[in-house]
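Colleague: Give me a 3D structure for the following:
(chains A, B, C and D)
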Amino acid sequence: MRILYFAWLRERIGTGEEEIALPEGVRDVAALMDHLATRSPGHAAGFAERRTIRCAVNQDFADGATPVADGDEVAFFPPVTGG
Amino acid sequence: MRILYFAWLRERIGTGEEEIALPEGVRDVAALMDHLATRSPGHAAGFAERRTIRCAVNQDFADGATPVADGDEVAFFPPVTGG
Amino acid sequence: MLKVLVTEAPFDLAAEAARVQGVGDVGAVASFTGICRADDGLRAMVLEHYPGMTERALTAIAEKAMARWPLSACTVIHRHGRMEPGDPIVLVLTASAHRAAALEACAFLMDWLKTKAPFWKREELADGTARWVEARTADEDAATRW
Amino acid sequence: MLKVLVTEAPFDLAAEAARVQGVGDVGAVASFTGICRADDGLRAMVLEHYPGMTERALTAIAEKAMARWPLSACTVIHRHGRMEPGDPIVLVLTASAHRAAALEACAFLMDWLKTKAPFWKREELADGTARWVEARTADEDAATRW
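Modeller: Numbering: from 1, shown residues only, chains lettered A, B, ... in the order given. Sure thing, here's the model as predicted:
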């Protein structure tokens, strides 16, 4: 699956995009975040404050309970500040 | 004093502007309307339905109780419909 | 900065918007353009006004908006004379640091303009008849909400 | 008619306004332009976005406005990339037969855009530092009022 990061989350993690295989037992966004946080110190720092992170699954806003499956595009980012 | 008429009131009365001498005893807009209504059949028709007529004294919106004096500019017109 | 203009000539939205954008610390520009509609078989519209009082009333309304919202600029241009469907009639522009002030002031200006500026619309219809537009209760209600 | 555009290029207010004016029975055109401000010593701003999802989110917001108000046209143009103080960032235009629909929809579009479109602002300050803009609770409150 394709994972995207934006804004300061992208900077902390050190990449804007990565391909991962969906790990065994990961079925929702919350579990996926737990998994991603273990990938590097940058990931750990990026996911340290979960409540400040928003998410989209296949380009729709999602939350921790949203299901994820292999092949999904999942993006993580801070609250939006456009306009 | 200068009296102005606008829109359908101007059409009914047949003029947009007239100079009159302030009649004895006329001290407010309501009394001025009573007086103006006697000037011609057109005036009578124009002032027939008082509640549909708005007024300005010296270019400020006014009402029946607003005082009038010689030298004032008093305008009568239907409710406004700009914008 | 306040600009009020009563004119027969068409106005230039882009030029007016550029003007208010250059004044002070502007983060938000809101505009409203009122346009002559063709509904009910309207062929043309003639806008009569009260020269002198019109400018005075529009200035008072614009000053009220400037006092109530933190605007860096406020422009009101209202045309008079003959207009055909599609012709712009009125332009209101507001500039502020933030969007809420610009948008609210813009809505306020239009609501007050509709009920507190001495303009009268006469419609010429396709069948050759003409009629004075009647004031709408809804406009009066919109103006009193502020 | 709905138009959504995410672009690095500046936009042309007059051309966009003329476009929505020509669609259907239009009596009212409202616009909002968001502009990069110089406050807090800002030298430039970089707007990052989520290509693909941005267009999708803006289209969904514009469709919501078209469903909720009787609009004949709705245009949303949002820039990304680097912007300096005075540069326009976002343009929203609404056209309708009547003013209330155009003005309300315009305010709605901006409020939803602020909280439901994937853009992130990074400010570069005069002292050489840079920072990501934090989301404002006031924006969230403004979005939930609709």
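
Colleague: The closest residue to chain B within chain C: what's its closest spatial neighbour, skipping adjacent residues?
Modeller: As assessed by C-beta to the nearest C-beta, chain B sits closest to C:Phe119 within chain C, at 2.7 Å. Using the backbone N, CA and C atoms, a C-beta is placed for each residue, glycine as well. Excluding its sequence neighbours, the residue lying closest to C:Phe119 (C-beta to C-beta, 6 or more residues apart in numbering or on different chains) is B:Gly82, at 2.7 Å.

Colleague: Name the residue of chain C that lies nearest to chain A.
Modeller: Across chain C, the shortest distance to chain A (C-beta to the nearest C-beta) belongs to C:Arg99, at 7.6 Å.

Colleague: Show the pLDDT at that residue.
Modeller: pLDDT for C:Arg99: 94.

Colleague: do the same with A:Leu36
Modeller: Listed pLDDT for A:Leu36 reads 97.

Colleague: Let me know the helix or strand that the residue nearest to it when sequence neighbours are not counted is in.
Modeller: Among residues not flanking A:Leu36 along the chain, A:His43 sits closest, at 5.5 Å (C-beta to C-beta, 6+ apart). Per DSSP states H and E, A:His43 falls inside helix A:41-46.

Colleague: just C:Gly24 next, same as before
Modeller: Assigned by DSSP H and E, C:Gly24 falls outside every helix and strand.

Colleague: just A:Thr15 next, same as before
Modeller: For A:Thr15, there is no host helix or strand (DSSP H and E).

Colleague: After the helix or strand harbouring C:Ala95, heading C-terminal, what element do we hit next?
Modeller: Taking DSSP H and E as the criterion, C:Ala95 maps to strand C:88-96. On the C-terminal side of strand C:88-96, the nearest following helix or strand under DSSP H and E is helix C:99-116.

Colleague: re the thing from before, from C:Leu91, how far out is the residue of chain C closest to chain B?
Modeller: Counting by C-beta to C-beta, to the nearest Å, the gap from C:Phe119 to C:Leu91 is 14 Å.

Colleague: Could you tell me which residues touch both of these two?
Modeller: C:His78 (C-beta atoms under 8 Å, 6 or more residues apart in numbering or on different chains).

Colleague: In contact with the residue of chain C closest to chain B, which residues?
Modeller: B:80-83, C:47-49, C:54, C:78, C:80.

Colleague: what's the closest non-adjacent residue to the residue positioned nearest the centre of chain C?
Modeller: Of all residues in chain C, the one closest to the mean position by C-alpha atoms, centre = their mean is C:Val90, 4.0 Å from it. Nearest non-adjacent residue to C:Val90, counting by C-beta to C-beta, 6+ apart: C:Gly34, 4.1 Å away.

Colleague: Please name the bridge partners of that neighbour.
Modeller: Taking DSSP bridges as the rule, C:Gly34 bridges to C:Val90, D:Ala28.

Colleague: what does C:Thr75 give?
Modeller: Here C:Thr75, judged by DSSP bridges, has bridge partners C:Lys3, C:Leu93.

Colleague: Count the residues that sit near it.
Modeller: 22 (other C-beta atoms under 10 Å in any protein chain shown).

Colleague: List the residues that contact it.
Modeller: Here C:Thr75 is in contact with C:2-5, C:16, C:19-20, C:91-94 (C-beta under 8 Å, 6+ apart).

Colleague: PyMOL command to pick out the buried ones of the residues you listed?
Modeller: Per 16 or more other C-beta atoms under 10 Å in any protein chain shown, the buried members of these correspond to this PyMOL selection:
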select buried, chain C and resi 3+4+16+19+20+91+92+93+94
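
Colleague: Farthest pair within the contacts of C:Thr75?
Modeller: Across the contacts of C:Thr75, no pair lies farther apart than C:Leu5 and C:Thr94, at 15.3 Å, counting by C-beta to C-beta.

Colleague: ok, back up a step: look up how far C:Ile35 lies from the residue nearest to the centre of chain C.
Modeller: To C:Ile35, C:Val90 is 9 Å away according to C-beta to C-beta.

Colleague: Ok, C:Gly22 next?
Modeller: Distance from C:Gly22 to C:Ile35, by C-beta to C-beta: 26 Å.

Colleague: Neighbour count: the two, which is higher?
Modeller: Between C:Gly22 and C:Ile35, counting by other C-beta under 10 Å, C:Ile35 is the more crowded of the two (20 against 12).

Colleague: these two touch, right, that one and D:Gln21?
Modeller: Yes - contact criterion C-beta atoms under 8 Å: C:Ile35 and D:Gln21 qualify, at 6.4 Å.

Colleague: hey, what's in contact with both of those two?
Modeller: With C-beta under 8 Å, 6+ apart, C:Ile35 and D:Gln21 have common neighbours C:86, D:29.

Colleague: Residue of chain A closest to chain B, please.
Modeller: Counting by C-beta to the nearest C-beta, chain A gets nearest chain B through A:Gly83, at 28.5 Å.

Colleague: In contact with that residue, which residues?
Modeller: C:99, D:34, D:78, D:89-90, D:110, D:113-114, D:117, D:119, D:139 are the contacts of A:Gly83 under C-beta under 8 Å, 6+ apart.

Colleague: residues in contact with the residue lying farthest from the centre of chain C?
Modeller: Within chain C, C:Asp127 marks the point farthest from the mean C-alpha position, 28.9 Å out by C-alpha atoms, centre = their mean. By C-beta under 8 Å, 6+ apart, the contact list for C:Asp127 reads C:Gly41.
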